[in-house]
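generate coordinates for the sequence data below:
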Amino acid sequence: MKITYINHSGFLIEWDTCYWLFDYYKGNIPDLDTEKKIFVFASHNHGDHYNPDIFKLCNKYKDIVYILSSDIKLKKTDILNEVNSPDRSDSILSVKPNNQYELYDKNNNTIVLKTLKSTDSGVAFLLHYQGKTIYHAGDLNLWMWKGETKQYNNNMKAMFLKEMNYLKDIPIDIAFVPLDPRQEEYYDMGLNSLLETAKVRYVFPMHFWEKPSVIKQFKEKWPVNTNHTQIMDVSTDGQEWQIE
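Residues are numbered from 1 along each chain as shown. This next block holds a predicted model:
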């Protein structure tokens with residue numbers, strides 16, 4: 001598969017039959033093969049994860065399915081007429097936390113989607129397809145902050161660990177996970193917890209607010225954790241990787 005970093009938490013995965021676009025809010029989307037089906041995921045309604053411009057893709061590509069967290073309330077002005085027309089009534093799927101759904105590529109192969117409940121808003125996505133497991137966390141993270149109360153941080157930790165329990169011992173091939181330097185001393189706790197819970201092959205840090213140096217900081221601090229997991233150096237919009 002080919003993975004392209006768009007910006008912030010936005011990534012594009014290209015498979016042999018389809019594309020998956022996650023949490024686009026700005027940046028350049030590469031030209032896509034019009035013969036492939038496109039799945040567009042938005043984990044929640046925050047402006048840095050959801051941009052109604054994703055519906056403009058229908059001007060160029062016809063075979064598109066939108067998978068939107070149920071907290072995204074669509075406005076008529078957000079959606080092009082062709083998306084909302086009767087013959088495309090199945091083009092938008094609203095998903096709720098802690099549920100399972102099935103999607104289908106152009107060859108009618110099944111993509112199994114499981115959703116987790118975010119500790120902020122919306123959902124995280126866990127997908128099984130072609131023998132691979134892909135995890136996009138959205139804003140599911142251990143959002144602890146120095147300025148918050150001990151009770152807040154304890155409650156946050158409990159909520160986060162509850163969701164991580166759903167990933168216990170699951171082999172994940174690709175994980176897109178927040179690594180947010182704004183959390184200061186707590187910045188690494190969410191990713192560390194994921195690595196302690198699931199068996200992750202490749203991690204693509206995201207949500208680092210134009211400060212990719214936090215990735216190097218993490219790798220230098222936790223070299224033991226990266227022995228069986230490759231932490232990818234995400235730094236530049238449009239960066240690409242080929243993953244077997």
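
and S9, how far from L113?
Going from S9 to L113 by Cβ to Cβ, to the nearest Å gives 18 Å. Heads up, the C-betas are built off the backbone N, CA and C, glycines and all.

quick one: which of those two has more around it?
For S9 and L113, the more surrounded residue by other Cβ atoms under 10 Å is S9, and the numbers stand at 25 against 22.

so where's this structure uncertain?
Along the chain, the model assigns pLDDT under 70 to residues 76-90, 225-227.

how about the contacts made by the residue nearest to the spatial centre of it?
Centroid-nearest residue in the chain, with Cα atoms, centre = their mean: H136, separated by 2.9 Å. By Cβ atoms under 8 Å, 6 or more residues apart in numbering, the contact set of H136 is S9, F11, F22, D23, F41, S43, A124, F125, L127, A175, F176.

pull out the buried residues from the helix or strand V214 falls within.
Secondary-structure assignment from DSSP states H and E places V214 in helix 213-221. Residues of helix 213-221 classed as buried: V214, I215, F218 (neighbour count, 16 or more other Cβ atoms under 10 Å).

one more: stretch 148-165?
Using 16+ other Cβ under 10 Å as the test for burial, stretch 148-165 gives N153, M156, K157, M159, F160, E163, M164.

stretch 102-110 spans what distance, first to last residue?
End-to-end span of stretch 102-110 (Cα to Cα, to the nearest Å): 6 Å.

report the buried residues of it.
Neighbour-count burial for stretch 102-110 flags L103, D105 (criterion: 16+ other Cβ under 10 Å).

how about stretch 51-67?
Judged by neighbour count (16+ other Cβ under 10 Å), stretch 51-67 contains these buried residues: N51, I54, F55, L57, C58, D63, I64, V65, Y66, I67.

where do the helices sit along this structure?
Counting by DSSP state H, the chain has these helices, from start to end: 150-164, 189-197, 213-221.

out of those helices, flag the one nearest K73.
Nearest of the helices of the chain to K73, taken as Cβ to Cβ: helix 150-164 at 23.4 Å.
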